[in-house]
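[1] Provide a 3D model corresponding to the input given below.
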Amino acid sequence: MKLNLARTLSPCYSADLRPASERLVSAVGCTVLLMIPPLKASEVVFWEYKTGPQEGVIVNYAFDRPANTSRPYKNRTRFNETDFSLQIVLQRGDDRLYRFRSESEATGWFQLRVVEPLSEPEIVGNSSVKAGGNTKLVCNVLEGKADLYWWKKNGELLLGSDHIQFVDNSTLCIVKASMNDSGYYACVVRNEVSQNETSFLLHVQNAANVVLPVILACVVVGLLAGAAREKGWGERVCAG
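    Just a heads-up that it's a prediction; the model follows:
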């Protein structure tokens, strides 16, 4: 069985540009080029797709008339009438099987996997936590699906422990935070066509630094109240 050859065309910063046979992974918005091996001459040729049991025609071409492109692929495909190659600007629904067929023979089915590039993730959580308290940071990806998550602190990979815990790798939990846990935390996300990351500054407050201002505030309020009472007594004494 003869096989197609395919590759992603430049510029596409999300996918591998090397040619592949049998299977190619590319990204939404990129253009792929599907090419055919040498086949017997034929007056009518087809590019076809297959999704599960469903099959359909992308383009059919006869030498005596222009190529006919099916509606879902109009305005985003380019068929070369000389070498029968096909360019497709990819959408999410293009994740399927493809083949080239003539009247007398056909290539094997070629698998095209279409993946959406990841947006920059966002980290949700409290930027400040008291020493001894627990906190968690949640890494969300708004566009695309991440296959892998990992976390770094100040550029160094974080490993799980009783103190540092991960929930589905997308959530970082810090148990009994200490001053040493202050720093920049980065969430890194990855799928087959992209990798992205973002950082988050976490500040752990010393418990003494939290309590002392409260104590000082109470002292000041008490002194002011005492001064006010003394002033009131003095006025009453002078008035008497």
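[2] got phi/psi on Glu43?
    phi -80, psi -20 (degrees, to the nearest 10).
[3] the nearest residue to it once chain neighbours are set aside and Gln195, how far apart?
    Leaving aside its sequence neighbours, Glu43 sits nearest to Phe63 (CB to CB, 6 or more residues apart in numbering; 5.4 Å). C-betas here are computed from N, CA, C, even on glycine. Here Phe63 is placed at a distance of 46 Å from Gln195 (CB to CB, to the nearest Å).
[4] now do Lys145
    13 Å.
[5] in this structure, where is pLDDT below threshold?
    1, 14, 208-240 (pLDDT under 70).
[6] report the longest strand in it, please.
    Across the chain, the longest stretch assigned as strand under DSSP state E is strand 195-205.
[7] how is this protein partitioned into domains?
    5-115, 122-208 (automatic domain parsing).
[8] how about these in a markdown table, adding mean neighbour count?
    Below are those laid out as a markdown table (neighbours: other CB atoms under 10 Å):
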| stretch | mean neighbour count |
| --- | --- |
| domain 5-115 | 16 |
| domain 122-208 | 15 |
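[9] quick one on the thing from earlier: could you tell me which residues touch both of Lys145 and Gln195?
    Leu118 (CB atoms under 8 Å, 6 or more residues apart in numbering).
[10] how about Pro72, phi and psi?
    phi -60, psi -20.
[11] what's the closest non-adjacent residue to it?
    That would be Gly93: by CB to CB, 6+ apart, it lies 7.8 Å from Pro72.
[12] are we agreed that that neighbour is in a strand?
    No - with DSSP: H, G, I helix; E, B strand; the rest coil as the criterion, Gly93 is located in helix rather than a strand.
[13] from Gly108, how far off is it?
    22 Å.
[14] kindly report the same for Thr82.
    23 Å.
[15] please apply the same query to Lys153.
    Plainly put, Lys153 is 48 Å away from Gly108 if you go by CB to CB.
[16] beta partners for the closest residue in space to Thr51 that isn't next to it in sequence?
    Using CB to CB, 6+ apart and skipping residues adjacent in sequence, the residue nearest Thr51 is Arg96, 4.5 Å away. Beta-bridge pairing of Arg96 under DSSP bridges involves Leu112.
[17] list the residues that contact Arg96.
    With contact set as CB under 8 Å, 6+ apart, Arg96 has these partners: Tyr49, Lys50, Thr51, Gln111, Leu112.
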